[in-house]
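A.B. asks: One predicted model, sequence on top.
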Amino acid sequence: NIYENFDSFKSLFSYVSQDTFLLDDTIKYNITFQNKLDPANEKKLNEIINDVNLKSMVDKLDNGLDTIVGEKGFNISGGQRQRISIARAIYSGKEILILDEPTNELDEINEFSIIKNIINKYRNKTIILSTHNKELIKFCKIEFFLESSSIKQRVSDEKNI
């Protein structure tokens, strides 16, 4: 019963919106909500940074992950803000990852690469992807779409993933 167990139910979800919200703090803090990490979580963070194609950007920054992004991420690009938001959702380790147009500010190469990385690496999670990009749909096992005012479903074979 979802109503009786709502707090535990909602703790299963992590959400990435097309509109990102960042704190006037470091990249690390915006992803982990922690200033200091133990070695295991530092490793986890670095793997996720790779998964969302942020490593080359972070490596170029004088302060790396300790770089302040500015209020609402003013000091970085929209694509970088989105990648930080995706990294935050993955880092949280929730069982269900909802991606709502998460790559709308990314170039095609990064968009394709990041979604492919997420789908392949986090297969043990339930990933819900909302997108208008038909190229990204090929990574999904089940596709739901609107047609003639009704919801239709298509199931793909796993060889496309």
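C.D. replies: Cool, the structure landed. Numbers count the residues shown, from 1 in each chain.
A.B. asks: okay, CA-based contacts and neighbour counts for the rest of this
C.D. replies: OK.
A.B. asks: can you pull out the strands in the chain?
C.D. replies: 13-16, 96-100, 126-130, 142-147, 150-155 (DSSP state E).
A.B. asks: Just the helices from this protein, written as ranges.
C.D. replies: Using DSSP state H, the helices of the chain run over 6-10, 27-32, 39-51, 55-60, 78-91, 108-121, 134-137.
A.B. asks: buried set for the third one?
C.D. replies: Think helix 39-51. For helix 39-51, burial by neighbour count (16 or more other C-alpha atoms under 10 Å) applies to 45, 48, 49, 51.
A.B. asks: How about the fourth one?
C.D. replies: Neighbour-count burial for helix 55-60, with 16+ other C-alpha under 10 Å as criterion, is recorded at 55, 58.
A.B. asks: Now that helix - C-alpha only, PDB.
C.D. replies: Output in PDB follows, covering the C-alpha atoms of helix 55-60 (Å, rounded to 0.1, in the frame of the first residue of the first chain):
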ATOM      1  CA  LYS A  55      35.900  14.200 -16.300                       C
ATOM      2  CA  SER A  56      37.600  16.300 -19.000                       C
ATOM      3  CA  MET A  57      35.900  19.500 -17.800                       C
ATOM      4  CA  VAL A  58      36.800  18.800 -14.100                       C
ATOM      5  CA  ASP A  59      40.400  18.000 -15.000                       C
ATOM      6  CA  LYS A  60      40.800  21.400 -16.700                       C
END
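A.B. asks: excluding its backbone neighbours, what's nearest the residue nearest to the spatial centre of the chain?
C.D. replies: Closest to where the C-alpha atoms of the chain average out (C-alpha atoms, centre = their mean) is residue 86, at 2.4 Å. Nearest residue to residue 86 in three dimensions, chain neighbours excluded: residue 16, at 6.0 Å (C-alpha to C-alpha, 6 or more residues apart in numbering).
A.B. asks: What of residue 11?
C.D. replies: Distance criterion C-alpha to C-alpha, 6+ apart; nearest residue to residue 11, sequence neighbours excluded, is residue 94 at 7.3 Å.
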